[in-house]
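Asks: below is the structure, and that's it, no one-letter string:
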DNA sequence: AAGTTGACCCCGA
DNA sequence: TTCGGGGCCAACT
């Protein structure tokens, strides 16, 4: 499910682990989202996990990509400014699944 | 089976 | 602002 949500994140936008966890159900603590994303590497398809950051807009999961610069490069490639491992204008680029996917279900 | 760990989050000092 | 403590829940030892 986490992957489904992440796949719906539009390029150039980002969201947080907590937002996804909350969207899927308050029960799924944010840690599980990260865990699921870690497993996304084993997925059969591409999961834009680089568009998921922590609540501060910091690229905490950069170490889990091939290189610690991969995540940052991917984001910049999509037009997201990254400075000191943090996303610039994070509040504006923030993509809330609660709002964007509130209408969709199943 | 029990203890640790983790791509997190929130609160108080 | 930084530091410490608690909560969270599935996976890994």
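Replies: Yep, it's here. This structure is a prediction, so every number in the text was calculated from the model and none was measured. Residues are numbered from 1 along each chain as shown, chains lettered A, B, ... in the order given.
Asks: ok, residue A:31 - contacts?
Replies: residue A:17 (Cβ atoms under 8 Å, 6 or more residues apart in numbering). For glycine as for every other residue, the C-beta is placed from the backbone atoms N, C-alpha and C.
Asks: same check, this time on residue A:34
Replies: If you count contacts by Cβ under 8 Å, 6+ apart, residue A:34 has them with A:17, A:61.
Asks: any idea how far residue A:82 is from residue A:89?
Replies: In this view, residue A:89 and residue A:82 are 11 Å apart by Cβ to Cβ, to the nearest Å.
Asks: okay, those two: which has more neighbours?
Replies: Taking neighbours as other Cβ atoms under 10 Å, residue A:89 and residue A:82 compare with residue A:82 leading, 21 against 10.
Asks: what's the local residue count around the residue of chain A found nearest DNA strand C?
Replies: Going by Cβ to the nearest atom of the strand, DNA strand C is nearest to residue A:29 of chain A, at 3.8 Å. By the criterion of other Cβ under 10 Å, residue A:29 has 13 neighbours.
Asks: so what pLDDT did it get?
Replies: Looking at residue A:29, its pLDDT is 87.
Asks: dump the residue contacts of it.
Replies: residue A:21.
Asks: please apply the same query to residue A:71.
Replies: Contacts of residue A:71 (Cβ under 8 Å, 6+ apart): A:50, A:59, A:61-62, A:65.
Asks: and those residues, which of them are buried?
Replies: A:50, A:59, A:61-62, A:65 (16 or more other Cβ atoms under 10 Å).
Asks: out of the residues you listed, who's nearest DNA strand B?
Replies: Nearest to DNA strand B among the buried ones among the contacts of residue A:71, counting by Cβ to the nearest atom of the strand, is residue A:61 at 2.1 Å.
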